[in-house]
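1. pasting the sequence and the predicted model now:
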Amino acid sequence: MAQTQAAAASTSATTRATAVVDAADPGPAPSGPGPREVRRRQRLRRLALHTTSLAVLVLGWWMVTRAGLVRPLYLPSPGAVWDALVRANTDHPISPGSERVVRGEQNYYLWEHLLASLQRIAVGVGGGVLLGVPLGLLMGTTWLGTLLEPYLNFLRSLPPLAYIGLLIVWFGIGDTSKIWLLFLAAFPPIAMSTISGVRGVREDQVNAVRSLGASRRQVLSAVVLPATLPEVLTGVRVATGFAWTTVVAAEIANGIPGIGGLAYLAGEQLQSALVIACIVVIGLAAIALDLGLKSLERVLVPWRGKA
């Protein structure tokens, strides 16, 4: 009888323990969307939002021009801008009914104007990187920073139009003066970002490498440069954007081929639709450049924001 009661008590205790375990373990959680799926949905939502806002903007623009609230000279319709964009990229008669056919605008297609401006910016910003990064490293690690930083700030504060005339006097109206202008626009942000990155390197990291017997060059290449690279790439992005906004000023004089020169010349000739088409192309190119630099940044510094 005692054995029977003991067995019953043991069975009851086992049942209660199983019930407690079942209550504590609710079982496998319902599977939700993974991080990749969440990011994909966020991208789709952003794309839908941007598409909707663009459609509303174009619709409002079309309604204003359709109602005749603004003269076409001041605000051409979206259709007129599209026609100007197509005309600038095709061969067409010089005037209605004429047999003379011309090539694009100013004897260049619009994409050729854009490519010429991009080439100038690539050379100017490239020169800024080649000089700005080494100089920034020197200024951030030696006494040259104290000596040269006021001059760098002075150059950074000057608007490009302040010295475009002087550059034309020095280098003529060819591409040399334009490239120098773009270089002077890009160089200060790159140098100052490099200096900021160098001064932001943690001293304990430098001391740790030195305690292992690293030379000054090894400290620079193994610690300072990798830690500074995110700031350098940010400076390159800022410099590229600044140089791109300077391209119209750079191409005012003899800027053909060039998207900035074409926009300026079209404005002088009261071709409003072509001006807006150039503005749209300049803006889209700037967005594409920035997206490309952000992609390059993710490849070169994948550790950014994860430390």
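-> Structure received.
2. any low-confidence regions in the stretch 201-307 of the chain?
-> 304-307 (pLDDT under 70).
3. my read is Pro76 is in a strand, agree?
-> No. Assessed with DSSP: H, G, I helix; E, B strand; the rest coil, Pro76 is coil; it does not lie in a strand.
4. my guess is Glu149 meets Gly140, correct?
-> No. Using Cβ atoms under 8 Å, Glu149 is not in contact with Gly140; the gap is 9.9 Å. (Each C-beta comes from the backbone N, C-alpha and C, glycine too.)
5. who has more neighbours out of these two?
-> Gly140 (22 against 15; other Cβ atoms under 10 Å).
6. and the more buried one, that's in a helix?
-> Yes. Counting by three-state DSSP, Gly140 is found in a helix.
7. contacting residues for it?
-> If you count contacts by Cβ atoms under 8 Å, 6 or more residues apart in numbering, Gly140 has them with Thr194, Ile195, Gly197, Val198, Arg199, Thr228.
8. recalculate using a threshold of 6 Å.
-> Ile195, Val198, Arg199 (Cβ atoms under 6 Å, 6 or more residues apart in numbering).
9. find the nearest non-adjacent residue to it, please.
-> Spatial nearest neighbour of Gly140, chain neighbours left out: Val198 (2.9 Å); criterion: Cβ to Cβ, 6 or more residues apart in numbering.
10. quick one: contacts of the helix or strand hosting that neighbour?
-> Assigned by DSSP states H and E, Val198 falls within helix 175-199. Contact with helix 175-199 is made by 120-121, 123-125, 127-129, 132-133, 135-136, 139-140, 152, 155-156, 160, 164, 167-168, 171, 228, 231-232, 234-235, 238-239, 242-243, 246, 250, as judged by Cβ under 6 Å, 6+ apart.
11. coming back round to it: just among the contacts of Gly140, which is most surrounded?
-> Ile195 (25 neighbours).
12. any idea of the pLDDT on that residue?
-> pLDDT, Ile195: 92.
13. the residue lying closest to Val301 once chain neighbours are set aside and Val224, how far apart?
-> Once flanking residues are discounted, Val301 sits nearest to Pro230: 4.8 Å by Cβ to Cβ, 6+ apart. To Val224, Pro230 is 13 Å away according to Cβ to Cβ, to the nearest Å.
14. same thing with Thr246?
-> Taken as Cβ to Cβ, the span from Thr246 to Val224 is 31 Å.
15. show me which of the two is the more surrounded one.
-> More neighbours surround Thr246 than the other of Thr246 and Val224, with 23 against 20 (other Cβ under 10 Å).
16. quick one: name whatever helix or strand follows the strand or helix carrying that one.
-> Per DSSP H and E, Thr246 falls inside helix 225-250. From helix 225-250 onward toward the C-terminus, using DSSP H and E, the following helix or strand is helix 259-268.
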